[in-house]
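Q: quick one, fold the following:
(one chain, ligands or ions: 2)
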Amino acid sequence: MTKAVVLGAAGGIGQPLALLLKANPLVTELGLFDIVNTPGVAADLSHIATPAKVEGYLPPDDGLAKALKGADIVVIPAGVPRKPGMTRDDLFKINAGIIRDLATGIATSAPKAFVLVISNPVNSTVPIVAEVFKKHGVFDPKKLFGVTTLDVVRASTFVSEVIGDLSKAPSVVVPVVGGHSGVTIVPLLSQSSHPLPSSYSSSELEALTYRIQFGGDEVVKAKDGAGSATLSMAYAGAEFAAKVLKAISGEKGVIAPSYVHLSADKAGGDALKKELGKDLDYFSTNVEIGPEGVVKINSLGKLTDYEQSLVQAAIPELATNIEKGVTFIGTPKL
Ligand SMILES: NC(=O)C1=CN([C@@H]2O[C@H](COP(=O)(O)OP(=O)(O)OC[C@H]3O[C@@H](n4cnc5c(N)ncnc54)[C@H](O)[C@@H]3O)[C@@H](O)[C@H]2O)C=CC1
Ligand SMILES: O=C([O-])CC(=O)C(=O)O
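A: Ligands and ions are numbered 1, 2, ... in the order given. Down below sits the predicted model:
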């Protein structure tokens, strides 16, 4: 029996993500929470002939606590998305408070659940969740994940386009490390499972790297004020959640990229900090996940000089983003 919960389930990401979780046979119960429309979304999904029992909740009558009761995995796409001209950090003002309140609900109603944070700015919202959990004495770094899968999904797609064969997209694997915004997104194209053409120039490599780092902007621009990536994010979020569900069900050797607290695996985290040359608390890299959460934080592997320079450029911004999230919870609520 595995219960998955989506917080922000009526939104642009929340609805298709809830659909994909309803379609996952490992989910036997699906709790949907939002400030609007969840009864309708739940009624709609409940007619799909898959095992999960679906229930929708709104804030009145302790809806958040009811949705979270018995949760094994909680996915959070609640909050506002970008409009053209905004950075992800511009969302902090509104989303930080939303995430703080939802994290408080999880800390009290489902403190042992795996928590997957999608809401932006991920580099700061994940530390917010951690700090709230610490205040409640329930922080387990092994079970807190920032969802960076969309960067990896984009890298697979864009590399397959360069190779000229989109049918390869599902099998192209490119590690993307760092964080989830602009220069903190660091694709390690030299480690692509499918090498780039030998004729590929350094300016082409830089352009491809930029496209992966700023892929979110392409969607924000095309949606022209109507939001940011929702469908590709739901796909990516469901892919990551599916891996976590497999790990919870006891499958061995589940590896996925995620933005995690580096104490989740002390030895691996310390080795990674050494590679970075900086004592950061959070970083995204491939992690091995087991039934109790993160088992191992993998090293970055061999980097080219160019990739090393990208990592070094990511570090100061990441440090600032992390500090902003931590300080937000450190500050007493007015
Ligand atoms: N990690 C990633 O790779 C990505 C993250 N995102 C982020 O995901 C978030 C959601 O994006 P969309 O679904 O497009 O936005 P949306 O506006 O379509 O949906 C957000 C939902 O959150 C709900 N919500 C707001 N306050 C809430 C609260 N206190 N409790 C529960 N639900 C609440 C809203 O009612 C709405 O249904 C944004 O912050 C966006 O930047 C988007 C794409 C990729
Ligand atoms: O760009 C945005 O604001 C949404 C996002 O995180 C992405 O698409 O990667």
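
Q: what's the mean pLDDT across the longest helix seen in the chain?
A: When the chain is parsed with DSSP state H, its longest helix is helix 305-330. The pLDDT scores in helix 305-330 average 97.

Q: in terms of secondary structure, what does that helix contact?
A: If you count contacts as 3 or more Cβ pairs under 8 Å, 6 or more residues apart in numbering; DSSP states H and E, helix 305-330 packs onto helix 92-109, helix 122-135, strand 176-178, strand 185-187, helix 202-213, strand 282-290. (Glycine included, C-beta is placed from N, CA and C.)

Q: report the inter-axis angle for it versus helix 92-109.
A: Orientation check (axes from the mean of the first three to the mean of the last three Cα atoms, to 10 degrees): helix 305-330 against helix 92-109 gives 70 degrees.

Q: out of the helices and strands packed on helix 305-330, nearest to Asp62?
A: Closest approach to Asp62 among those (Cβ to Cβ): helix 92-109, 8.9 Å.

Q: tell me where the chain has helices.
A: Taking DSSP H as the criterion, the chain carries its helices at 14-22, 38-45, 63-68, 92-109, 122-135, 149-163, 202-213, 215-223, 231-248, 266-276, 305-330.

Q: let me have those helices in a markdown table, extended by mean neighbour count.
A: Listed next are those as a markdown table, based on neighbours: other Cβ atoms under 10 Å:
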| stretch | mean neighbour count |
| --- | --- |
| helix 14-22 | 24 |
| helix 38-45 | 18 |
| helix 63-68 | 21 |
| helix 92-109 | 19 |
| helix 122-135 | 25 |
| helix 149-163 | 22 |
| helix 202-213 | 15 |
| helix 215-223 | 17 |
| helix 231-248 | 21 |
| helix 266-276 | 16 |
| helix 305-330 | 17 |
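
Q: for ligand 2, find the nearest of those.
A: For the helices of the chain, the distance to ligand 2 is smallest for helix 215-223, at 2.3 Å, taking Cβ to the nearest ligand atom.

Q: what mean pLDDT does the closest one get?
A: In this model, helix 215-223 carries a mean pLDDT of 97.

Q: tell me the buried residues in stretch 163-174?
A: Using 16 or more other Cβ atoms under 10 Å as the test for burial, stretch 163-174 gives Ile163, Lys168, Ala169, Val172, Val174.

Q: among those, which lie within strands?
A: Among the buried residues of stretch 163-174, no member falls in strands (DSSP state E).

Q: now tabulate the helices and strands packed on helix 305-330 in CSV and tack on distance to ligand 1.
A: Putting the helices and strands packed on helix 305-330 into CSV (distance: least, Cβ to the nearest ligand atom, whole Å) gives the following:
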stretch, distance to ligand 1
helix 92-109, 4
helix 122-135, 5
strand 176-178, 11
strand 185-187, 10
helix 202-213, 12
strand 282-290, 11
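
Q: dump these into CSV; add distance to Gly330 as well.
A: Listed next are the helices and strands packed on helix 305-330 as CSV, based on distance: least, Cβ to Cβ, whole Å:
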stretch, distance to Gly330
helix 92-109, 12
helix 122-135, 7
strand 176-178, 24
strand 185-187, 27
helix 202-213, 30
strand 282-290, 16
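
Q: returning to what we had before: would you format the helices of the chain as JSON lines with distance to Gly56 included?
A: Output for the helices of the chain, formatted as JSON lines (distance: least, Cβ to Cβ, whole Å):
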{"stretch": "helix 14-22", "distance to Gly56": "9"}
{"stretch": "helix 38-45", "distance to Gly56": "3"}
{"stretch": "helix 63-68", "distance to Gly56": "8"}
{"stretch": "helix 92-109", "distance to Gly56": "16"}
{"stretch": "helix 122-135", "distance to Gly56": "23"}
{"stretch": "helix 149-163", "distance to Gly56": "25"}
{"stretch": "helix 202-213", "distance to Gly56": "36"}
{"stretch": "helix 215-223", "distance to Gly56": "26"}
{"stretch": "helix 231-248", "distance to Gly56": "17"}
{"stretch": "helix 266-276", "distance to Gly56": "38"}
{"stretch": "helix 305-330", "distance to Gly56": "29"}
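
Q: which among those is found nearest to Pro81?
A: Once the helices of the chain are compared by Cβ to Cβ, helix 215-223 is nearest, at 8.0 Å.

Q: and that closest one, what does it pack onto?
A: Going by 3+ Cβ pairs under 8 Å, 6+ apart, helix 215-223 lies up against helix 149-163.

Q: might you enumerate the residues of the stretch 151-300 of the chain proximal to ligand 2?
A: Contact residues, the stretch 151-300 of the chain versus ligand 2 (Cβ under 6 Å from any ligand atom): Gly216, Val219, Val220, Ser228, Ala229.

Q: now the two most distant members of the residues you listed.
A: That would be Val220 and Ala229, which, of those, are the farthest apart (Cβ to Cβ) at 8.0 Å.

Q: the residue of the stretch 51-200 of the chain found nearest ligand 2: neighbour count?
A: Residue nearest to ligand 2 within the stretch 51-200 of the chain: Arg82 (3.9 Å; Cβ to the nearest ligand atom). Arg82 has 21 neighbouring residues, counting by other Cβ atoms under 10 Å.
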